[in-house]
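Asker: what follows is a protein structure lacking sequence information:
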């Protein structure tokens, strides 16, 4: 079992930045690929970004590529999401997720075994 706890959400102005963290406990963190998804009111949960278990490979949705950066620190059992140049359309609840499945289809929610409770990000002036 893996427990995931997100933090760092809040209110940001358009063009601003936020950094989300997701702390993991339980089974060995370094064996999991990690992802971030988001869900806006009335919309489906959508893929944002993912990272391989070593951190050597990253994946991004077109909507955030160049603005968001995913990283991980396996020594701290934590994955991060640095969000820059925020837009109002980035407003959503952000969830981190962990996957041990093969193949790893990074953008598919069904690939992920464990989910955090989510953290709200609101981008507004």
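Answerer: Arrived safely, thanks for sending. What you see is a predicted model; the values in this text were computed from it and never measured.
Asker: OK, contacts around residue 86?
Answerer: Residue 86 sits next to 12, 13, 14, 15, 16, 17, 18, 67, 121, 123 when contact means Cβ atoms under 8 Å, 6 or more residues apart in numbering. All C-beta atoms are positioned from the backbone trio N, CA, C, and that covers glycine.
Asker: how does it look with 7 Å?
Answerer: Residues near residue 86 by Cβ atoms under 7 Å, 6 or more residues apart in numbering: 12, 14, 15, 16, 17, 18, 123.
Asker: now do residue 2
Answerer: Applying Cβ under 7 Å, 6+ apart, the residues near residue 2 are 24, 26, 27, 32, 98, 114.
Asker: again, only using 10 Å
Answerer: For residue 2, the contact set (Cβ atoms under 10 Å, 6 or more residues apart in numbering) comprises 24-29, 31-32, 77, 97-98, 100, 113-116.
Asker: with residue 46 instead?
Answerer: Counted by Cβ under 10 Å, 6+ apart, residue 46 has contacts 37, 38, 39, 40, 61, 63, 92, 107, 109.
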